[in-house]
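# Just need the structure, nothing else, for what follows:
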Amino acid sequence: YPEKNHIYCSERRCTLAIVLSYFLPILLCSPTYFILEITSTTVIEDKEYVLYHTSLSDMATGNEYYLFFNFWMYAVVIKLLPCCILTVISTWLIRTLFKAKKRKQVLKGYSTCPMASEGCSESRKKSKAERRADRTTRML
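Here you go, the predicted structure:
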């Protein structure tokens, strides 16, 4: 919607998007910060080694609801939901590219496969713009 560009792309909205992109991940990942703790184990072989690993904190072991909340926040909201949204947006983008290609062919006055003919073959050479659009579609 180019006619609403001045409404959607304001300086206030841009600043808000930048601030949210910094603070929202910290807020969404904060349950994981409290559920895990770094512990150390000393191993003595030919010399003394200190091994660090993560384990559940005391708060997490005592509260099953907190573990459940952390699982849904991390696994679904932070990992799965963005992947699903990206898949939908990519599908829309590829569909839009195909629609634009068909619309361009109609506007130029030729079609690679007229509806009336059966078994048509594409004998003409593709233009540079068509090759670029095909490459973009395959890349997506």
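# So for the protein, the centremost residue is which one?
L86 (4.1 Å; CA atoms, centre = their mean).
# tell me the secondary structure for that one?
helix (DSSP: H, G, I helix; E, B strand; the rest coil).
# ok, now which ones touch it?
For L86, no contacting residues are found, by CB atoms under 8 Å, 6 or more residues apart in numbering. C-beta coordinates here come from the backbone N, C-alpha and C atoms, glycine included.
# Quick check, pLDDT for it.
What the model reports as pLDDT for L86 is 94.
# go on, the one 5 residues further on?
T91 is assigned a pLDDT of 91 by the prediction.
# And what about it, helix, strand or coil?
T91 ends up helix, using three-state DSSP.
# swap in the one 3 residues further on?
Assigned state for I94: helix (three-state reduction, three-state DSSP).
# what's the spacing between the residue of the chain most remote from its centre and Y52?
In the chain, the residue that sits farthest from the middle, by CA atoms, centre = their mean, is D46; the gap is 47.6 Å. D46 sits 20 Å away from Y52, going by CB to CB, to the nearest Å.
# Next, work out how far apart the residue nearest to the centre of the chain and L80 are.
On the measure of CB to CB, L86 and L80 end up 11 Å apart.
# burial of L28, as a residue count?
Per other CB atoms under 10 Å, the neighbour tally for L28 reads 13.
# pLDDT wise, what is it at?
Predicted confidence (pLDDT) for L28: 85.
# Same check on Y52?
In this prediction, Y52 carries a pLDDT score of 94.
# what kind of secondary structure is it in?
Classification of Y52 by three-state DSSP places it in strand.
# need the contact list for it.
38-41.
# who wins for most neighbours among those?
Neighbour counts for the contacts of Y52 (other CB under 10 Å) peak at T39, which has 12 neighbours.
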